[in-house]
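Predicted structure and sequence below. I'll ask about it afterward.
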Amino acid sequence: MDRYAKQRLFGALTRGAAALVVAVMALVVAVTIARGGFVFITDPAIAVTPPGSRYMLEADGGFLHAVLGSILIVGPATVVSALLAVSTAIYLQSDYSSERFAESVNMFLNVLWATPPIVYGVFVLTVVIAVGARTSLFFGIIAIAIFQYPIMTRYTDEALRSSPESVKATTYGLGATRFETARITVRAALPGVVAGIIMGFARGIGDAATVLFTAGRSTNMPAGLFEPATTLPVLIFDQAMSFNADVRSHAYAASFVLIVAVLGLIVVSRLLAGRYARYAPGGRHS
Amino acid sequence: MASSTEPTETSGGHSGRLASRLRRERVSSYWFAGAGYFAIALFGLIVLTLVYQSLPLLSEFSIVQMLTSSQWDPAQQEFGFLPAIVGTIYVTILSMAMGTPIAILAAIYIAEFAEGRTKTLVSSFIDVLAAIPSVIFGLVALIVVVPFVGDYLAPAVGSSATGLGIFTVSLVMAIVVTPFMISLSVESLESLPDELRESSLGVGATQWETIRSVLLRAAGPGIFSAVLLGFGRVFGATIVPAMLIGGQTQIPDSLFATGQTLPTLIVNDFGELMSLPLTQSALIFVGLTLVIVVWLFNFSAMYVRKRLKRRWQY
């Protein structure tokens, strides 16, 4: 085969691979939206109706409990995790720690990032058992926060690293303390930081394995911080395994709600990144 | 910073403000240092907890015996992890074999061949897909892949499977990790300097020759670690296998057989069987195994990456 034919062949192959990936993914999104949207539109009340007493058996009522559970677990978890993640990322910058320390912490963050979510679930569950508590909203929050922490830290660290050195030099030159400089640096890197936090949020809201054993798989409305709760992915998982066709069809409605939420979040993160870009020196650069 | 319109503070304005700024500086630096060490502490705490909780099991049985026994029956105090280990290995290897070539080719397309709006569109589409919850992939697979495998693919090779099993899980996991591997590979291809492309094209190489002998080498370490991270993801995947593997603790005898992976062992047996003696410890030991393997993956990835970087210098 002459080299130009080879070039054409492999060019076509790469194009084919990309087309295949995009097609398969489009299929997944389309099936979820079409199938789930159909169930959802014929009975939109299932998303906002509290579950009945025999929800998992007879699908009486809706899945408001899981929607609320997702919000009540992932919201606070994101706040806690973002606070820690931004602080860790600031500490990893050169003003606070040495290059070597930052490198070794990054190594641990990589390992934490790659740790299977089910391990976080098992870890938090052993803590629950050790303190003699029971699975609840609170431990769900902790599990998700641990899960999001390495993701957010890596994104934030990268955003802070890529913010221009001149910002730092200028603030120090004006006599600012490290804390004040850190605040300005975070501000300059805000588009990246916000995008990272939203990515963490999106990953957290979609994860089932961490909350499977820590939040309690409740079929009731969340009643308090130390009461069992459930989230949308766990609900979908349980519904999909059900023997009742009605319950299974609700899984598609729930996944419709979930996919719309995740896609919406990503669109919001893009918009916010554009909006906050005005804080960055030199205007938008994302 | 202090503008003249700001009301001047009363008695000892400047020194007072400086003192409070310094106080804030000191307090915040303690907080940041704490957060910096938190990552290490969290990792240590997880490993120590898992080790401590697996000790009851490890004091009763030998590791070698548990890893090579195929009897899994917590009620009878039999903890053989072999079926789950074999299932995990099958799923991991199969889905990587299906996903990796496609991911690398697609990444090459996005980084090197695509241009303008197509490029932005395809790459942001793939970024978005990396964030879709895996439970949704599992759910869609239940109505698309499972009937396909059960009704067409398995009968075609003379197997009477229901569609749930090792092969289905591998196929779906390949789909789940592909976008993740693509975006990491695209990143490392795009971070290569343009001089590399220019000088290779300048001596008369075709675009494909440039990609194959220059760019893939230079981006090799990055692509390699993207693949290894994908490996770790498939290895620890929980929800998709739990939905699609069929959950039978036996050594799978064909690709379409039902089976069990290490994470699904935890999902299926936690809760109900936890009252049985040692079962909790056994499942936590599974968690520990997962962490250790992922850990080894990561460190070898870092090591190989360093080696490759030194060897494939440009």
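Structure's in. What do you need?

Any idea how many residues pack against residue 26?
Answering for chain A, as no chain was given. Here the number of neighbours of A:Ala26 (other Cβ atoms under 10 Å in any protein chain shown) works out to 12. From N, CA and C alone the C-beta is placed, and that goes for glycine too.

I was after chain B.
For B:Arg26, the neighbour count with other Cβ under 10 Å is 12.

quick one: low-confidence ranges for the chain?
Defaulting to chain A. Residues of chain A that meet the criterion pLDDT under 70 lie in A:276-286.

try chain B instead
In chain B, residues with pLDDT under 70: B:1-14, B:160, B:271-274, B:312-314.

Output the longest helix belonging to it.
helix B:13-60 (DSSP state H).

and that helix, what other elements does it pack with?
helix A:64-91, helix A:99-114, helix A:117-130, helix A:137-162, helix A:178-188, helix B:279-311 (3 or more Cβ pairs under 8 Å, 6 or more residues apart in numbering or on different chains; DSSP states H and E).

Just want the angle from that helix to helix A:137-162.
Using axes from the mean of the first three to the mean of the last three Cα atoms, to 10 degrees, the inter-axis angle of helix B:13-60 relative to helix A:137-162 is 120 degrees.

Using a markdown table, lay out the helices and strands packed on helix B:13-60 together with distance to B:Asp151 and mean neighbour count.
Shown next, in a markdown table, are the helices and strands packed on helix B:13-60 (distance: least, Cβ to Cβ, whole Å; neighbours: other Cβ atoms under 10 Å in any protein chain shown):
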| stretch | distance to B:Asp151 | mean neighbour count |
| --- | --- | --- |
| helix A:64-91 | 32 | 23 |
| helix A:99-114 | 36 | 17 |
| helix A:117-130 | 31 | 24 |
| helix A:137-162 | 37 | 24 |
| helix A:178-188 | 55 | 20 |
| helix B:279-311 | 34 | 18 |
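
Tabulate those helices in JSON lines, adding columns for distance to B:Ser213.
Output for the helices and strands packed on helix B:13-60, formatted as JSON lines (distance: least, Cβ to Cβ, whole Å):
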{"stretch": "helix A:64-91", "distance to B:Ser213": "38"}
{"stretch": "helix A:99-114", "distance to B:Ser213": "30"}
{"stretch": "helix A:117-130", "distance to B:Ser213": "39"}
{"stretch": "helix A:137-162", "distance to B:Ser213": "30"}
{"stretch": "helix A:178-188", "distance to B:Ser213": "40"}
{"stretch": "helix B:279-311", "distance to B:Ser213": "15"}
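
quick one: contacts of stretch B:88-100?
B:166-167, B:169-171, B:173-175, B:177-178, B:181, B:227, B:230-231, B:234-235, B:237, B:241, B:245, B:252, B:255, B:259, B:261-263 (Cβ atoms under 8 Å, 6 or more residues apart in numbering or on different chains).

thinking again about what came up before, out of the helices and strands packed on helix B:13-60, the one nearest B:Leu121 is which?
helix A:137-162 (22.7 Å; Cβ to Cβ).

After that closest one, which helix or strand is next? Please name it.
The helix or strand immediately downstream of helix A:137-162 is helix A:165-173, counting by DSSP states H and E.

how about the nearest residue to the residue in the stretch 1-150 of chain A positioned nearest to chain B, chain neighbours excluded?
Nearest residue of the stretch 1-150 of chain A to chain B, counting by Cβ to the nearest Cβ: A:Pro116, 2.4 Å away. Leaving aside its chain neighbours, A:Pro116 sits nearest to B:Gly236 (2.4 Å; criterion: Cβ to Cβ, 6 or more residues apart in numbering or on different chains).

what's near enough to touch whichever residue of the stretch 1-150 of chain B sits closest to chain A?
Taking Cβ to the nearest Cβ, chain A has its nearest neighbour within the stretch 1-150 of chain B at B:Pro133, 2.9 Å off. With contact taken as Cβ under 8 Å, 6+ apart, B:Pro133 is in contact with A:205-208, A:233, A:258-259, A:262.

What about the closest residue in space to A:Arg3 that isn't next to it in sequence, how many residues nearby?
Leaving aside its sequence neighbours, A:Arg3 sits nearest to B:Thr206 (Cβ to Cβ, 6+ apart; 5.4 Å). Counted with other Cβ under 10 Å, residues neighbouring B:Thr206 total 18.

now B:Thr206: how far from B:Arg197?
12 Å (Cβ to Cβ, to the nearest Å).

Also B:Val240?
Distance, B:Val240 to B:Arg197, using Cβ to Cβ: 38 Å.

Those two - which one has more neighbours?
B:Val240 (28 against 18).

Mind telling me what element the more buried one is part of?
Assigned by DSSP H and E, B:Val240 falls in helix B:239-244.

Touching that helix from outside, list them.
A:208-209, A:233, A:237, A:240-241, B:91, B:134-135, B:137-139, B:141-142, B:145-146, B:164-165, B:168-169, B:172-173, B:176, B:261, B:263-264, B:267-268.

Measure how the following helix or strand past it sits relative to helix B:279-311, angle-wise.
Per DSSP H and E, the first helix or strand lying C-terminal to helix B:239-244 is helix B:262-269. Per the same axes, to 10 degrees, the angle that helix B:262-269 makes with helix B:279-311 is 160 degrees.

So helix B:262-269, near chain A or not?
Yes. With Cβ under 8 Å from any Cβ of the partner chain as the measure, helix B:262-269 is seen reaching chain A through B:263, B:266-267.

so what does that helix touch, helix or strand wise?
Secondary elements touching helix B:262-269 (3+ Cβ pairs under 8 Å, 6+ apart): helix A:117-130, helix B:82-108, helix B:239-244, helix B:279-311.
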